[in-house]
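A.B. asks: I would like to see how this sequence folds:
(one chain, ligands or ions: 3)
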Amino acid sequence: MEKQLHVITTGRQSVDELVTIAESIHPYMTMLHVREKTKSAKEVSHLIERLQKAGVPSTKIIVNDRVDVALCTGVKGVQLAHHSLDVSQVRRALPEMVMGCSVHSVSEAQDAEQSGADFIMYGHIFKTASKRNAEPRGLDQLQRVVDQTTLPVIAIGGITSENVRNVIKTGASGIAVMSGILEAKSPLQAVKLYKQQLEVWDAHNV
Ligand SMILES: Cc1ncc(COP(=O)(O)OP(=O)(O)O)c(N)n1
Ligand SMILES: Cc1nc(C(=O)O)sc1CCOP(=O)(O)O
Ligand SMILES: [Mg+2]
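C.D. replies: Ligands and ions are numbered 1, 2, ... in the order given. Modelled structure (predicted):
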């Protein structure tokens, strides 16, 4: 399986700015997570409509937290966070929904697996300005999570094009990046650099 590149929205960019960037970077990414915590359901839905009109495939869009918005906009799925509905609750109601779950320990990873998540996002791996209030968990903890779940693990937090290889070496199925792409001077150049690192890995390991 090709290693995945998930891009996470920052919540700090205007809709116009985000749509312009997404329009140019979508061919190089696996998924775009719309994580806009201060927007209402209606605002997130309007943003998704703009992304869809700009040519970002619905199959590449995941909505953070909002199961209702994911359903009503017809996107790929939902990323359930700490404060979201439970994985098992959503799975019961929506057997077909593609569901990622954000986890921060082996036991949370195993719970997500038993509850029916399709993949997990584990972090934060390295120090990052995007998560200032906690210590990074590091590569050894990532390795433990990868080893102790059968779900695909997407690693998040402080991932740069320089450390991608070490992250992927753990057996993680992919990476998720926020500031390294969306806040780069050139998001297009940045996404290509990350993608290239993953392709180099795939070329030698798939
Ligand atoms: C121990 C721990 N709990 C929760 C979080 C953050 O929650 P998450 O569900 O990942 O939501 P966001 O990252 O989208 O805010 C954490 N980092 N650590
Ligand atoms: C949204 C998010 N969740 C994390 C977690 O560990 O749950 S780390 C993170 C932000 C990652 O941003 P950057 O790529 O800029 O480091
Ligand atoms: Mg998170």
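A.B. asks: Need the phi and psi values for the closest residue to Ser179 other than its chain neighbours.
C.D. replies: On the basis of CB to CB, 6 or more residues apart in numbering, the spatially nearest residue to Ser179 that is not a chain neighbour turns out to be Ser130, at 5.5 Å. For glycine as for every other residue, the C-beta is placed from the backbone atoms N, C-alpha and C. Main-chain dihedrals, Ser130, degrees, to the nearest 10: phi -80, psi -10.
A.B. asks: number of nearby residues for the closest residue to ligand 2 within the chain?
C.D. replies: Nearest residue of the chain to ligand 2 (CB to the nearest ligand atom) works out as Gly123 at 2.7 Å. Using other CB atoms under 10 Å, Gly123 has 25 other residues around it.
A.B. asks: Could you do Asp147 as well?
C.D. replies: Asp147 has 11 neighbouring residues, counting by other CB under 10 Å.
A.B. asks: Around Val19, how many other residues sit close by?
C.D. replies: Number of residues near Val19 (other CB under 10 Å) recorded here: 18.
A.B. asks: What are the contacting residues of the host helix or strand of it?
C.D. replies: Val19 is part of helix 15-25 when elements are defined by DSSP states H and E. Outside of helix 15-25, the residues within contact range by CB atoms under 8 Å, 6 or more residues apart in numbering are 7, 9, 13, 32, 46-47, 50-51, 54-56, 181-182, 187-188, 191.
A.B. asks: now the residue lying closest to Leu198 once chain neighbours are set aside: how far from Gln196?
C.D. replies: Nearest non-adjacent residue to Leu198, counting by CB to CB, 6+ apart: Lys3, 4.3 Å away. In this structure, Lys3 lies at 12 Å from Gln196, with CB to CB, to the nearest Å as the measure.
A.B. asks: got it, and Thr38?
C.D. replies: The span separating Thr38 from Gln196 equals 33 Å under the rule CB to CB.
A.B. asks: Over to Val164?
C.D. replies: For Val164, the distance to Gln196 (CB to CB) stands at 9 Å.
A.B. asks: Give me the more crowded residue out of these two.
C.D. replies: With neighbours defined as other CB under 10 Å, Val164 and Gln196 compare such that Val164 has more, 26 against 13.
A.B. asks: tell me which element the residue nearest to that one when sequence neighbours are not counted falls in.
C.D. replies: Ranked by CB to CB, 6+ apart and with sequence neighbours excluded, the top spatial neighbour of Val164 is Gln197, at 4.1 Å. With elements taken from DSSP H and E, the one containing Gln197 is helix 187-205.
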